[in-house]
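Trainee: Structure for the following, please:
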Amino acid sequence: MKKLYLLSQDVNDDYDTYDSAVVCAESKEKARVINPGGFHKLSDSWCDIKDVKVQEIGIANTSIKLNSIVCSSFN
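Mentor: Reported below is the predicted structural model:
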């Protein structure tokens, strides 16, 4: 089942960084590895996977693509 997760982090709070995002994934573990910037590797604009906080916030509509970023907050 596709669910919505709120990702957040508070270790990387400089300019040009993401502090949070809402993503669509099948599990907390799969949500945790989604980078809000759409990158497939660690970037300076996000944080290490171990520092990502994940909170389930709902069930995704069928129109939302699995493993996608619904919205993100960039500072």
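Trainee: SS state for Asn61?
Mentor: Assigned by DSSP: H, G, I helix; E, B strand; the rest coil, the conformation of Asn61 is coil.
Trainee: Please report how far it lies from Asn75.
Mentor: Noted for Asn61: a distance of 28 Å to Asn75, by C-beta to C-beta, to the nearest Å. Glycine gets a C-beta too; all of them are placed from N, C-alpha and C.
Trainee: what does Asp10 give?
Mentor: Taking C-beta to C-beta as the measure, Asp10 falls 12 Å from Asn75.
Trainee: Touching both of these two, which residues are there?
Mentor: Asp19 (C-beta atoms under 8 Å, 6 or more residues apart in numbering).
Trainee: now Val11: how far from Gly37?
Mentor: To Gly37, Val11 is 16 Å away according to C-beta to C-beta.
Trainee: neighbour count winner among the two?
Mentor: Using other C-beta atoms under 10 Å as the criterion, Val11 and Gly37 rank with Gly37 on top: 16 against 11.
Trainee: how about the residue nearest to Gly37 when sequence neighbours are not counted, secondary structure?
Mentor: Take Gly37 and drop its neighbours on the chain: the residue closest to it by C-beta to C-beta, 6 or more residues apart in numbering is Ser45, 5.1 Å away. For Ser45, the assignment made with three-state DSSP gives coil.
Trainee: helix/strand/coil for Ala31?
Mentor: Following three-state DSSP, Ala31 is assigned to helix.
Trainee: Now do the contacts for it.
Mentor: 3, 5, 7, 23, 25, 54.
Trainee: which residues does the first one bridge with?
Mentor: Beta-bridge pairing of Lys3 under DSSP bridges involves Ala25, Ile59.
Trainee: picking up where we left off before, so can I have TSV of the contacts of Ala31 showing pLDDT and distance to Thr17?
Mentor: Shown next, in TSV, are the contacts of Ala31 (pLDDT from 0 to 100; distance: C-beta to C-beta, whole Å):
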residue	pLDDT	distance to Thr17
Lys3	98	25
Tyr5	98	19
Leu7	98	13
Val23	98	17
Ala25	98	21
Val54	98	18
